[in-house]
Structures are given as C-alpha cells and as structure tokens.
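Novice: requesting a structural model of the entry that follows:
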Amino acid sequence: MSRRAKWILMLVFAPLGLALFVFIGGGVVQYLWNWLLPPIFGLPEITIWQALGLLVLCRILFGGFSAHGSGRSHSRPPEERERFRKAMRERWGFGPSFCGTKGNEATSTPPKGSGEE
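Specialist: Predicted coordinates:
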C-alpha cells in the first residue's frame, strides 16, 4: 500500500474512530446516569446529547484542554513549586514546626497548652 493510500485511509477512518469513541463514552455516561441518579435522587433520565454535554462540561471543569491534563505543577520549576508549598503551609497554619523535615521531632513535641510540656 502506498503512502498516499495510507493517508487517505487515515483521513477517512480517524474521524470515524474518534466519533465512535466519543459516542461510546457518552453512552456509558448516559447509562450510568439513567441507572443511578433517577432512583437515588429522583432526577430525570438524560439523552445521549445531554450525556455528551456532561462529558464536555466535566472536561472543561476538571480536565482542561491540554493533551496531558492541566500539567501545571509539572511545568513549574522545582524552586517555584517549593515556594508555592511554603506559601500554602504558612497560609493554612502548617509552619515549619509542623511540617519540619527533622525526623519525628515535630510529632514528638506536645502542642502548647496541653500540660505535657
């Protein structure tokens, strides 16, 4: 088979395969929704188009549009990731004494005001 014939076949079958994959995914979402949610929560059953809409909505909200998910933490340099971790620890009250790296020192010291000091 020539190279040109392979490209023609790919141009014909790739969109068909993608459409089949998307509709199978939508069918799975539709089946699971219609099986679980109406009996449990009293919600109405959905159509295949609504299931495909749910897939798109979930992709937008939770997955982003890049090929490998959002990938935000992997694209940051290690120094920037450590600065982010440090800022989150300080913001939420988990300072160096709580998240220290000196073995069990942070867990072996009782909290202030516990009477065990």
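
Novice: R4 sits in which helix or strand?
Specialist: helix 3-41 (DSSP states H and E).

Novice: next helix or strand past that helix?
Specialist: Helix 3-41 is succeeded, C-terminally, by helix 48-58 (DSSP H and E).

Novice: and that next one with helix 3-41, angle?
Specialist: 100 degrees (axes from the mean of the first three to the mean of the last three Cα atoms, to 10 degrees).

Novice: give the other helices and strands that helix 48-58 contacts.
Specialist: helix 3-41 (3 or more Cβ pairs under 8 Å, 6 or more residues apart in numbering; DSSP states H and E). Glycine gets a C-beta too; all of them are placed from N, C-alpha and C.

Novice: and the helix it packs on, how far from the chain's centre?
Specialist: 20 Å (Cα atoms, centre = their mean, to the nearest Å).

Novice: for the record, mean pLDDT for that helix?
Specialist: The predicted model assigns helix 3-41 a mean pLDDT of 92.

Novice: output the contacting helices and strands for that helix.
Specialist: Looks like helix 3-41 contacts helix 48-58 (3+ Cβ pairs under 8 Å, 6+ apart).

Novice: buried set for the helix it packs on?
Specialist: Neighbour counts over helix 48-58 (16 or more other Cβ atoms under 10 Å) mark A51, L52, L55 as buried.

Novice: repeat for stretch 11-26
Specialist: Using 16+ other Cβ under 10 Å as the test for burial, stretch 11-26 gives G26.

Novice: got the CA positions of it in CSV?
Specialist: Below are the C-alpha coordinates for stretch 11-26, written out as CSV (Å, rounded to 0.1, in the frame of the first residue of the first chain):
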residue,chain,number,x,y,z
LEU,A,11,-8.3,10.7,6.9
VAL,A,12,-11.4,8.6,6.5
PHE,A,13,-11.2,6.3,9.5
ALA,A,14,-9.6,8.6,12.1
PRO,A,15,-12.7,10.9,12.4
LEU,A,16,-15.0,7.8,12.3
GLY,A,17,-13.0,6.2,15.1
LEU,A,18,-13.0,9.4,17.1
ALA,A,19,-16.7,9.8,16.7
LEU,A,20,-17.3,6.2,17.8
PHE,A,21,-15.1,6.7,20.8
VAL,A,22,-16.9,9.8,21.9
PHE,A,23,-20.4,8.2,21.4
ILE,A,24,-19.3,5.2,23.4
GLY,A,25,-18.2,7.5,26.2
GLY,A,26,-21.4,9.4,26.0
